[in-house]
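Engineer: Could you work out the structure for the sequence below:
(2 chains)
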Amino acid sequence: MFGKKSPPITEAWRGFTFTRRALVVGGAQAAVGVALAARMAYISVIDNERYVLEAESNRVNLTLVPPRRGWIVDRNGKALANNRVSLRVDIIPDRLHNKENVLGQLRTLLRLDNDAMERIERDLKAASGFQPVAIAEDMTEQEYSSILVHLPELPGVAPQRGFARNYPTGAAVGHLIGYVGAPTAEEYEKVKDPLYITPGYKTGKDGLEKYFQQMLRGKPGAKRVEVTARGKVVRELSTQPDVQGKTVHLTIDADLQDYVARRMGPESGAAVVIDTHTGDILAFVSMPSFDPNSFSDGISNSEYSWLRADDHQPLINKATRGLYPPGSTLKPMAAIAAIEHGIDPSERHTCIGGYRLGSRFFRCLGTHGSLDMPHAIMKSCNSYFYWVAHRLGYDAIAPTARLMGLGEEFQLAGSNQRFGTIPDSAWKMKKYDQPWSASDSLNAVIGQGYVSVNPLQLAVMASRIASGRRLYPRLVNRQFKNEALPFSAEALATAREGMNLVVNGPGGTAGRSRLPLDGIAMAGKTGTAQVRGLNTGNGKGGTWRFRDHGLFIGFAPVDNPRYAISVIIEHGMGGSRAAAPVAKDVLTFIYDREKGMEALETFEAGWGGTIKERMDRNYAAWKAGIAAPDPGLAQ
Amino acid sequence: MIPVPPAIQRFPWKLMALLAAICGFGLLVLYSAAGGNWSPWAWQQGVRFLVFLGAALVIGRLPLRLFEDFAYIGYIGVLALLMAVELLGFVGGGSQRWLNLGFINLQPSELMKVAIVIALARFYTQLPPGNTRTFTALWPALLAIGFPAALVMLQPDLGTALAISIGGVVVMFVAGLPFWWFGSAAGAGVAALPILFSMLHDYQQKRVLIFLDPESDPLGAGYHISQSKIAIGSGGIGGKGFLNGSQSHLDYLPEGHTDFIFATMAEEWGLIGGLALLFAFFLLLRWGTRVALRARTRFGQLTAAGLTMTIFFYIAINLSMVMGMAPVVGIPLPLFSYGGSSMLTIMTCVGIILAIENDSKTGTRRFH
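Structural biologist: Residues are numbered from 1 along each chain as shown, chains lettered A, B, ... in the order given. Sure thing, here's the model as predicted:
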C-alpha cells in the first residue's frame, strides 16, 4: 500500500511471520518475567529493612501498663487513698468507626444510663483522636467478658484489666486529698508522654493528689503483644512490670479525719485539728464535700451540676478557701496583745452593756458589770475589749494577730489558700486611702469589720496560744523552726486561763461543751460572726444564708495542751450553739473513741445516716426533682 | 535394563513433574496459610489438581482435528452460556458470574478464554493467505472478541475481559495481521484511557487510583497492596521460614490463600522461593511456546501461541498486582492460588497444548 509493494502473501511467508511474531511474543513475555523478578528483588532486598519494620509494627503491639499510683496514708499507715482492681473499657476515638452503632452496642451491653451516655458524648467531643475516653470502670466480670466477646464488632473499644484510685472514706477526704482524672488534651500536648494517652492512666487533678503527682505517679510497665489484624491478642511477647508510685505519708489521723467529717453533720463548715507539739494537722475537714471516687471515675454531668447547685458549696474547700469574720475567737489573742502593751490583766473594766465612743454606742451582748481580763474572755465581753482597743489602737494589736498566724499564707502541701485580712492603719490607707479610725479598732478587736480569716489560721492561732510557740501547720513531715513566740508567760497564761473559763468556768459561753472525760478538760473560745450588718436583724433565725456564723477555737488538755482545734459552722447562729459541741465531740473522740462514736451515732441517727447514705439520698432526690418537670425526657 | 512400555513412555513426564512441582509448592503454601493445616484448602486443592491433571492428559490424547472441527460450535455455545448468565443476573437483580449446574458452579467467562483462542485460530487457519492484510481478516475477529468481552465487562469483571481480549489479540498478532494495526490500536487505546476509565465502575476506578497511590488509603482499599508489599518485602532473600509468616498468619494479608498467595509464599520463602516459582512458570511458558513453534498445523500454531499467552496473562497480571505494579483485579495465580475455576482453565489450556504437541509428533507438517 501507499506505493510500497508488499511482498506476496504466501503460506511460506505466513509460516515465517508466525515464527517471528511468536518469538516476539515469547520475548515480550520473558521481558515481563525479568521485570517481575527485578521488582520482587527490589522489594525484598533493597526495601527489605523498611518492610521488615512495617511487618513488625503490624505484628507487635506495644502497650503501656499504667503504673499503680502510690498510696496516700495517714500517720499510722492507714490508707486514705489506695488502688483497687478495676475492669474498665475505653474508646480510642481515632479507631472508632460507626460511632452510633458502637455506642449503641456498649449501651446495651453495659446498661449505661442517659447520664453516662451524655458524659461519654461530651468527653468524645472534647478528646483529641488519640485520647482514650472512659466508657465504664469497675465493671463486673460478666460485663467485661461480654465486651471481650463482642470486641471484633466494636472497633476502637479497648477493655483493660487495671487499677483504679480508691478513697476508702470517700467524701471525708475530698478536700484534703483532692482527686485524680484522665489527663486533658492540653496536658498531653505539653509533655507528649504516651503514658498520658494510655487508657486507665490518671493524674492528680486537685489537692494532695496534684501536689504529690510526681511522687505518686510511678513508672509505667510495658507489654509487647502479638496481635492479629483485627486486634485480637495472639500471645504476649514480653512484659515489663510497672513500678508503683511512692507512698505519701501524711500527718493526718484517718480515723479522726473521718470522725470530724461525719460530726459536721449536714452543716456547711470546716474544722481543723492540729497537734500542738509538732504542728501536725491531724484532721482537715471542709463539709459538705464531694466524693473523690466519683471524680476519679469521670463524674457525670448530672452529679456535677448537683454539687454545683448545692448552696452549701461542696466544691469549695472552706478550711483554706473560706474567709470569715472570726468574731470573738480573736479575744484571747487581743488579751495577749493588751498584756504585751502594758495592760494589767487584773485591771477591771465595767461593762454597762456597751461602750461609748464619741457619739456612737458600741453594743455588748450583755451587761457584764465589772470584769478582769480572764473573765472578760470567759463572758466574751465586747465592752472590755472595746475599751482595750480604744486604749491601744489596733496598730498595737495587729502584729500580735499576725504572729498568731492570722492573715498568713502557710507553706502547706497541696492547699490553695485565701489568707484574709488583718487590717491596720497602713493597710486601710493603702486600700481605701482613708485614715484608720477608733471605731475601726473597736470593730476589729471583736473580729468584725475588715478582719477576715480562714479556719486553718484559726486552728494555727489556737495551737500557738496553747503551745506558746510559732507552730507551722504541716501535712507531711516538713521541718519548721517553730521557735517560741515573743510573748511573756503571763500573757499566754492569761489567755489560756480565759479560754479555760469559757468552757469550765461558771457561766462561760461554752459551758455546755465541757469534755465528758475524767481529768481532761478543754479550753476554748466561742465566736459568732455577723453575716449582715452589726445592728440589722438578730442573725439568730430566719433565712439560712443570713444567719450568723458559729465559730470555736480550743485546745486540750487545759494544763498540758496537746491538741488544738478550730471549728466553723456557717450560719450556725453562734459559736457556743453550733461550733463548740463539735469541738467537744472531736476532742472526746481523740481521748475516748467509744464515747465519741456513741455521741456521733446518736446524731447520725437523727440526720438520717452516714455521709454517703445522706449524699446518695440527696442526689437521688435532686435527680428526681429535676427530672420531674419533664418526665418525657428521662427514660 | 527394564524395558519401558511405549504407553508409559508416551506420558509427558517432564511436563507432569513441572505441573506437580508448581502445584505442590502451592499446596505447601496453602498448608501454611491455613495455620499448618491440610484443611480447608490444601487437600481439596490437591485432589482438584489430580482430577484436572487427569483431565488435561485425556484432552492431550484427543485428536487435534476435533478442536478444529468444534471450534465455532464451542465458541457459540460458550457465548450462549455467557448470555444466559447475564440474563439470569438480570432476572435475579444483580451481577452473576456462575451457572449453577447442580454439581459445579460453571463460570462461562473462564471457558471463553479458551474458546476465543480456538475460534480465532480456526478462523485464521481458514482465511486465505492473501486476505491476511485485508479488512476481511480484521472485522470478524474484532466482533468475536468484542462481544464476549463486553458481556464479561457487564458482570463486571475487568480482569477476565482483559484476559479474553489479550488471548484473541495475540492470535491475531501471530496470524500475521499488519503490525501497524496493533501499533495504532495500542496508541489509540492509550489516548482513550481517560474515556475508558470513566466507563469503569466506581470500585474499579477506586482500585486504579489506589494502585497509582496505595499510601493514600492505607486502611481502605490500598490496604491490599500495602500489606502484600509488606509481606513480600519483609520476607527478604531467604524468607521467614515455613509457617513463620506473620503477615498471613495474623490476617494482615487479605486473600492470602487466593489472589495474594504469592505474597504469602514470598513472606515465608523469600526471594529464593519467588525466583524458583518464576523459573517454573518460565519453563511452562517455554514449553507452550516451543509447542507453538513446532506445531504441525497452522491451527496448532495459533492455538498454542494464544493459550500460552492466556496462561502468561494470568501470571503476569497476578504478580504485578501483588507487587504493586497493577491495580487490584481479581486474577489468581495459575496452579498456585486456591480455587477451581482458574485451575480448570489453565489445565484445559495445558491439555490442548499437549494435544498439539502430540499431534506434531505424528505425521508431517501441513498448514491448512
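Engineer: gap between the spatially closest residue to A:Thr169 that is not a sequence neighbour and B:Ala231?
Structural biologist: Distance criterion CB to CB, 6 or more residues apart in numbering or on different chains; nearest residue to A:Thr169, sequence neighbours excluded, is A:Asp258 at 4.8 Å. Where you see a C-beta, it was placed from the backbone N, CA and C, and this is true even at glycine. Distance of A:Asp258 to B:Ala231, given as CB to CB, to the nearest Å: 62 Å.
Engineer: Between the two, which is the more surrounded one?
Structural biologist: In this view A:Asp258 and B:Ala231 are compared by other CB atoms under 10 Å in any protein chain shown, and B:Ala231 has more residues nearby, 32 against 24.
Engineer: what's around residue 56, how many residues?
Structural biologist: All of this refers to chain A. A:Glu56: 12 neighbours (other CB under 10 Å).
Engineer: Let me rephrase: I mean chain B.
Structural biologist: A total of 25 residues lie near B:Ala56 under the criterion other CB under 10 Å.
Engineer: wait, what's in contact with it?
Structural biologist: Residues in contact with B:Ala56 (CB atoms under 8 Å, 6 or more residues apart in numbering or on different chains) are B:347-348, B:350-351, B:354.
Engineer: Present the residues you listed as a markdown table; the columns should include neighbour count.
Structural biologist: Conversion of those to a markdown table gives the following (neighbours: other CB atoms under 10 Å in any protein chain shown):
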| residue | neighbour count |
| --- | --- |
| B:Met347 | 25 |
| B:Thr348 | 21 |
| B:Val350 | 30 |
| B:Gly351 | 23 |
| B:Leu354 | 25 |
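Engineer: which helices and strands does the helix or strand where the residue nearest to A:Thr169 lies pack with?
Structural biologist: Element membership for A:Asp258, per DSSP states H and E: helix A:254-263. Under the contact criterion of 3 or more CB pairs under 8 Å, 6 or more residues apart in numbering or on different chains; DSSP states H and E, helix A:254-263 touches strand A:79-91, strand A:269-275, strand A:281-287, helix A:580-591, helix A:593-607.
Engineer: could you redo the last one with a cut-off of 7 Å?
Structural biologist: strand A:269-275, strand A:281-287, helix A:580-591, helix A:593-607 (3 or more CB pairs under 7 Å, 6 or more residues apart in numbering or on different chains; DSSP states H and E).
Engineer: Could you verify my assumption that B:Thr345 touches B:Lys113?
Structural biologist: Yes: B:Thr345 is within contact range of B:Lys113, at 5.6 Å (criterion: CB atoms under 7 Å).
Engineer: what about those two, which has more around it?
Structural biologist: Neighbour count, other CB under 10 Å: between B:Thr345 and B:Lys113, B:Lys113 has more, with 29 against 26.
Engineer: Tell me how far A:Gly174 lies from chain B.
Structural biologist: For A:Gly174, the distance to chain B (CB to the nearest CB, to the nearest Å) stands at 45 Å.
Engineer: tell me the contacts of that residue?
Structural biologist: A:289-292 (CB atoms under 7 Å, 6 or more residues apart in numbering or on different chains).
Engineer: Only the buried residues of the helix holding A:Asp258, if you could.
Structural biologist: A:254-263 (16 or more other CB atoms under 10 Å in any protein chain shown).
Engineer: what does stretch B:59-76 rub up against?
Structural biologist: Contacts of stretch B:59-76 (CB under 7 Å, 6+ apart): B:115-116, B:118-119, B:122, B:297, B:299-300, B:348, B:351-352, B:354-356, B:358-359.
Engineer: ok, these vs A:Ile520, which is closest?
Structural biologist: Using CB to CB, B:Thr348 is the member of those that sits closest to A:Ile520, with 108.1 Å.
Engineer: The closest one: which element?
Structural biologist: Judged by DSSP H and E, B:Thr348 forms part of helix B:340-361.
Engineer: mean confidence score for that helix?
Structural biologist: Per-region confidence: helix B:340-361 scores 92 on mean pLDDT.
Engineer: Same question for stretch A:87-102.
Structural biologist: On average, stretch A:87-102 scores 83.
Engineer: Grab the nearest non-local neighbour of residue 265.
Structural biologist: Chain wasn't specified; assuming chain A. A:Trp607 (5.3 Å).
Engineer: actually it's chain B I care about, not the one you picked
Structural biologist: B:Val29 (4.6 Å).
Engineer: Give me the contact list for stretch B:27-39.
Structural biologist: By CB under 7 Å, 6+ apart, stretch B:27-39 touches B:40-42, B:45-46, B:242-243, B:245, B:248-249, B:256-257, B:261, B:264-265, B:268, B:338.
Engineer: Please repeat the previous calculation with a cut-off of 10 Å.
Structural biologist: B:20, B:23, B:40-46, B:49, B:241-245, B:248-249, B:253, B:256-258, B:260-262, B:264-269, B:273, B:277, B:336-338 (CB atoms under 10 Å, 6 or more residues apart in numbering or on different chains).
Engineer: Buried among those? Need that as a selection in PyMOL.
Structural biologist: In PyMOL, a selection of the buried entries from those looks like this (16+ other CB under 10 Å):
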select buried, chain B and resi 23+41+42+45+46+49+245+248+249+253+256+257+258+260+261+262+264+265+266+267+268+269+273+277+336+337+338
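Engineer: Much appreciated, bye for now.
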